Each structure stands twice: as structure tokens, then as C-alpha cells.
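Engineer: quick one, structure for this:
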Amino acid sequence: MVTSLSKTIERFLQIYPFPIQRLFRKSVIVSSETRFRNGNRIEGSYDLETGEVILWNPNITDQEGLFVVLTHEWGHKFYNEWISTQDRGRWLQIRSEERIDFSLDRFYPTIKLPEEEFCTIFCLVSKELYLEKIGMSQQAKKILGRLKEEFPKATALVLRQLNRSSKKTASKLRPLHDREITHREVEVIKSWIHKTIDE
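Structural biologist: The predicted structure is shown next:
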């Protein structure tokens, strides 16, 4: 299972530019433990202190779900370790102009929403990149088209950050609270992807 999961993670990594691959590679820890928050199973989390992305008892047969979990948690790593405080400020401005609604307010307090919204857009941009990489260009175009229609500035910021060639100085004065994704959130994102592709 570990070898299969390692190969899957490596395949997902290939969609990113090399500096981002270096940032994400070897950051994933797999735990056989199952965790819950408020009755919802936690699929993955990001530990700000160690920079590790933790997969909690992952279901490797659900490749799409695993992709959502990993790219969402890598989004936390990217947000906290790659982009600058100034760019996070731009993100706050953008999210006030574009309503990024994935019912995240049902899962998180208001103070956590900006970062969680970033991770959701990061995940969806990653999905578009992955579909393009594996030759599913029509589906990739649908995802990118809807992203640019609904969240043009947010999408542009994530793509611009992914294309930076070097790490920016991220503030280490971030609050130390859990950065997780639950199974319910994974299903919401998968539903958005399927609805977009099937249109």
C-alpha cells in the first residue's frame, strides 16, 4: 500500500513546477489512525510547526478524493510557506471581492475562512492542471473556464504564485490552529468538479 500511495503522490506532484515539487515532496506523512472533528472524519491536515501534511488512514482506492485531500493540504503548506505576507494581503482583498462559497462557513470559524478558501481554489486549480497533464483537455478547459468565470482574480493569483521561481518569505506569526479537511468537505469539492465537467 505504501509503495502504491508513494507512486500516486509522485504522480500528483508532477503537475507543479519544480520549485513547488521540491516544497511538497517528502512533506506527506501517512497515519493509520482515524481522527474526527465534531463527528466528521478528518481526511488530512497540515501541521504548521513541522510543515508536514498528514493523511489520516487514507483510502487509496478513492484517487479523486485522495487528490482533493492532498492538494487542499498542500494548499495550506503553500499559503504558509511559499507566498509572502503581502501576497496573503492581496488574497484577503480578492476574497472580499469574489464570493468563494463552498459552504466552508459551516465547517470553520470566520477567522479561518480566508486560508480555507485559498486551499479550495488551490485544489481546483491543481485539478485543472492534473486533467491537462493526463490528456483530459476538454475537462480541464471546463474546470478552468468555470474558475475564471466564478473566481477570476482568485484563480489568477493562485496561478501566478505557482509560476514563481522562488520561495517568498512567509510570516511565521500565523496562529497555531489545525488546518484540516474533512470527508464532507472532500465530497463538496468533488461534487463541484463533477458538476462542472458534466455540464
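
Engineer: give me the buried positions along the helix or strand harbouring Lys142.
Structural biologist: Per DSSP states H and E: Lys142 is located in helix 137-150. For helix 137-150, the neighbour count (16 or more other CB atoms under 10 Å) marks Gln139, Ala140, Lys142, Ile143, Leu144, Arg146, Leu147, Glu150 as buried. Backbone N, C-alpha and C define where each C-beta goes, glycine included.

Engineer: make CSV out of those and add distance to Leu5.
Structural biologist: Converted to CSV, the buried residues of helix 137-150 look like this (distance: CB to CB, whole Å):
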residue, distance to Leu5
Gln139, 24
Ala140, 24
Lys142, 28
Ile143, 25
Leu144, 28
Arg146, 30
Leu147, 28
Glu150, 32
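
Engineer: what residues of the longest strand along the chain count as buried?
Structural biologist: In terms of residue count, the longest strand belonging to the chain (DSSP state E) is strand 40-47. For strand 40-47, the neighbour count (16+ other CB under 10 Å) marks Ile42, Glu43, Gly44, Ser45, Tyr46, Asp47 as buried.

Engineer: same deal with stretch 76-95?
Structural biologist: For stretch 76-95, by 16+ other CB under 10 Å, it's 76-83, 87-88, 91, 94-95.

Engineer: and of these, the nearest to Gly135?
Structural biologist: The shortest approach to Gly135 among the buried residues of stretch 76-95 belongs to Phe78, at 25.4 Å (CB to CB).
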